[in-house]
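Asks: here is my input, please return the structure:
(2 chains)
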Amino acid sequence: MLRNLTFILKSSMRNRRRSVLTITSIAVSLCLLGVLMAMYRALFFGGPETPAQAVRMITHHKVGLADVMPMSYENKIRRVPGVKEVMLWQWFGGSYKDARDRRNFFARFAVEPDRFFTIYSDVAMPADQKAAFLQERTGCIVNAGLARKFGWKLGDRITLVGDIFPVTLEFKLVGIYTDPENHEALFFNKEYLRESLGADSPMRDVASMFEVRARNIADVPRVAASIDQMFDNSPAPTRTESERNFELSFVAFLGNLKLFLLAICGAVTFTILLVSANTLSMSVRERLREVGILKTLGFTQDAIVGLILGEAGVLALAGGTVGIALAALLCGGIRNGVSGIQNLRALAMTPGLALTALGIALFIGLVSSLIPALGASRTTILDSLRYSG
Amino acid sequence: MSDVVIETRKLTKEFVRDEFHVIALKDADLEVRRGDFVALMGPSGSGKSTLLHLIAAMDRPSSGEIRVLGQDLRALNDRAIAHWRNVHIGFIFQSFNLIPVLNAIENVELPLKLTHLKAKERMEHAETALTLVGLGDRLHHYPRQLSGGQEQRVAIARALVTDPDLILADEPTGNLDAGSAQEVLTMLSRLNKEFGKTVVMVTHDPHAASFAARVLHLEKGLLLPEGQSAEWSASQPAAS
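Replies: Got it, this is the predicted structure:
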């Protein structure tokens, strides 16, 4: 095959317009396929789980996130053997500036500052900012990416208008943290929310979620089971799951996305297979006479098949490479542009995905040209030479 | 090896085309010796190209015997025949049949890709062959950049680059002007006389045939006895 590489390369580009169009069609399809594969990976496998994340769990109402649990659960959970720390983790929601603009959306949580850094041991923030977060009741902290996105700096005032909670909260930015997963979120003191709600508010002493940290990874399943068992017969039964699973559960809100993505991937692959097969069989048919010449020179059927498959492989790999490069660019764009779906922050064309996509491209090229190649190789010399294509 | 290069006995080729049974060649007895330059002449459809294709193992006979260079061609499978053809046969087509995306030297190098020669050696052989046909200064020209005569000379270089025992030419001057035809015929004659190559050439041009040492005539699928031409056949029954 390597001996014929020059011939294969030159043959694959003999009709430049058609070759470019074939490469483009494969590239566009592979780009789409690549992004879908990256999306599938990001949504259902996410990025690598950090050691700190591996010991974190979320406890929420068994029915769903809209149902609340008594705040008193927190102390009960803390007493479960294997629990290192537990903290209220209250989704605030609300809106920042114009809520209709999706770019203004980011996660906002009420937390307990004195427990926050024990739970999120992988969050890094200067000590003075940590102190400020502990001391200032109206203080809030944000992820560095989020601060960059909105151009926030320490001391800035951030106002959130509540929707779940009927309050408007004005915060002072006291800390900017970095975290391995780059979760774009704002955290503030739960006491500020409680005070703002007023003493008679039914929302004051309830929690939608607790963030639990186990002492070690081995304790996680047992701790989760113990917590849920403890509240099993209570009016507010719980469901405790790992932080990773909790994140993945949001994807389920989008429906059977797994099947949907796989179906699109399959359809894209099948379509490009048909398009390539059509183009390549046309190309082979036009050059049937050449097959006769090559056979006259002594090329065997296998060698002819090898040459044609090689040409198809070159076109497919060229298209695949361009498509993967485009997919990598698109993934970057989506990753930086989407703030609503946290899992998509892990959207990336990893080397593994790129190789898989390239393998699919090669597979498409080889399969689509196999039948025309076999047909051409089996045509007799005289029939091939008679062909005036 | 025997001095007889081509030997056929009652060689017959029949085929069915559009429900018609056609006898392209019937009971052809032929003997060509090493160093012969044989011209096969006859009108269109007389079976001369069919005979040439059978000698080149590009087609299989319906019946009869054929031995080329001592090899019974009917005993070889497709793969063995392809290898045999690469080693022993140099074939020149009427319409040159060069590969358009390859330049002259790459076209000539093609048959050598099936040998064990290294790339450098292949290019050296191809260059030598092209120089031999007077195209040493056109190595990197593409077929579209060459005249018809030059294209045919590249095709001749491709046919002789493997140093075959037998050169078969199917109307090699059919698509050429008189000047280019003369060059090509002179070259075939030179290959025969100076390099001792056995040449079998199909032609219907008496001038081209005059370059051959032996001229054999075919008429309606019958190979006429040497020295006999179409006039002889007028009194004979048709092959089919």
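Asks: now the helices for chain B?
Replies: B:48-55, B:78-88, B:104-109, B:119-132, B:148-160, B:178-195, B:206-209, B:230-233 (DSSP state H).
Asks: ok, now which ones touch the closest residue to chain B within the stretch 251-389 of chain A?
Replies: In the stretch 251-389 of chain A, no residue comes nearer to chain B than A:Gly298, which is 2.4 Å away by CB to the nearest CB. For the C-beta atoms, the positions are set from N, CA and C on the backbone; glycine is no exception. When contacts are counted by CB atoms under 8 Å, 6 or more residues apart in numbering or on different chains, A:Gly298 touches B:Ala82, B:His83, B:Arg85, B:Asn86, B:Val87, B:Pro111, B:Leu114.
Asks: pretty sure the fifth one contacts B:Thr162?
Replies: Yes - in terms of CB atoms under 8 Å, B:Val87 counts as a neighbour of B:Thr162; the distance is 6.7 Å.
Asks: which of the two has more neighbours?
Replies: Using other CB atoms under 10 Å in any protein chain shown, the more surrounded residue of B:Val87 and B:Thr162 is B:Thr162, with 23 against 16.
Asks: what backbone torsions are found at that one?
Replies: Dihedral pair for B:Thr162: phi -90, psi 10, per degrees, to the nearest 10.
Asks: hmm, back to that, lowest average pLDDT across the helices of chain B?
Replies: Sorting these by mean pLDDT places helix B:230-233 lowest, at a mean of 52.
Asks: what residue ranges in chain A score low on pLDDT?
Replies: A:1-2, A:46-48, A:252-255, A:337-343, A:388-389 (pLDDT under 70).
Asks: have a look at it and report its longest helix.
Replies: Chain A, longest helix under DSSP H: helix A:301-337.
Asks: distance from that helix to the middle of the chain?
Replies: The chain centre lies 22 Å from the centre of helix A:301-337; the measure is CA atoms, centre = their mean, to the nearest Å.
Asks: equivalent analysis for stretch B:110-118, please.
Replies: 21 Å.
Asks: just the terminal-to-terminal distance for it.
Replies: 13 Å (CA to CA, to the nearest Å).
Asks: what residues does chain A have near chain B?
Replies: Within chain A, the positions lying close to chain B (CB under 8 Å from any CB of the partner chain) are A:3-4, A:6-7, A:10-11, A:13-14, A:289-290, A:293-303, A:380-382, A:385.
Asks: among those, which ones are buried?
Replies: Among those, those classed as buried by 16 or more other CB atoms under 10 Å in any protein chain shown are A:3-4, A:7, A:10-11, A:13-14, A:289-290, A:293-301, A:303, A:381-382, A:385.
Asks: helices - which of these land there?
Replies: Using DSSP H, those in helices are A:7, A:10-11, A:289-290, A:293-297, A:301, A:303, A:381-382, A:385.
Asks: which two in those residues are spaced the farthest apart?
Replies: Greatest spatial distance among those (CB to CB): A:Lys10 and A:Leu382, at 26.2 Å.
Asks: the stretch 151-300 of chain A: helices as residue ranges?
Replies: With DSSP state H, counting those that start in this stretch as the criterion, the stretch 151-300 of chain A has helices at A:190-197, A:220-230, A:243-252, A:257-286, A:288-297.
Asks: report the central residue of the chain.
Replies: Went with chain A since none was named. Nearest to the mean C-alpha position of chain A, by CA atoms, centre = their mean, lies A:Ala42 at 2.3 Å.
Asks: wait, chain B was what I had in mind.
Replies: Geometric middle of chain B (CA atoms, centre = their mean) lands on B:Leu168, at 1.6 Å.
Asks: just to check, that one is in contact with B:Leu54?
Replies: No - applying CB under 8 Å as the test, B:Leu168 and B:Leu54 come out as separate, 10.5 Å apart.
Asks: any idea which of the helices of the stretch 151-300 of chain A is most buried?
Replies: helix A:288-297 (a mean of 24; mean count of other CB atoms under 10 Å in any protein chain shown).
Asks: contacts for it?
Replies: Contacts of helix A:288-297 (CB under 8 Å, 6+ apart): A:303-304, A:307, A:376-377, A:379, A:381-385, A:387-389, B:56, B:58, B:82, B:85-86, B:91, B:93, B:97, B:99, B:110-111, B:114, B:158.
Asks: got the angle for it vs helix B:78-88?
Replies: Helix A:288-297 runs at 70 degrees relative to helix B:78-88, counting by axes from the mean of the first three to the mean of the last three CA atoms, to 10 degrees.
Asks: tell me the residue of the stretch 101-250 of chain A that sits nearest chain B?
Replies: A:Asn182 (50.6 Å).
Asks: burial measure for that residue, as a count.
Replies: 16.
Asks: quick check: closest non-adjacent residue to it.
Replies: A:Gly145 (5.3 Å; CB to CB, 6 or more residues apart in numbering or on different chains).
Asks: and the helix or strand encompassing that neighbour, what does it pack against?
Replies: Using DSSP states H and E, A:Gly145 maps to helix A:144-150. If you count contacts as 3 or more CB pairs under 8 Å, 6 or more residues apart in numbering or on different chains; DSSP states H and E, helix A:144-150 packs onto strand A:168-177.
Asks: switch to 10 Å and redo it
Replies: The helices and strands touching helix A:144-150, judged by 3 or more CB pairs under 10 Å, 6 or more residues apart in numbering or on different chains; DSSP states H and E, are strand A:139-143, strand A:168-177, strand A:185-189.
Asks: with mean neighbour count added, can I get those in a markdown table?
Replies: Formatted as a markdown table, the helices and strands packed on helix A:144-150 follow (neighbours: other CB atoms under 10 Å in any protein chain shown):
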| stretch | mean neighbour count |
| --- | --- |
| strand A:139-143 | 24 |
| strand A:168-177 | 20 |
| strand A:185-189 | 24 |
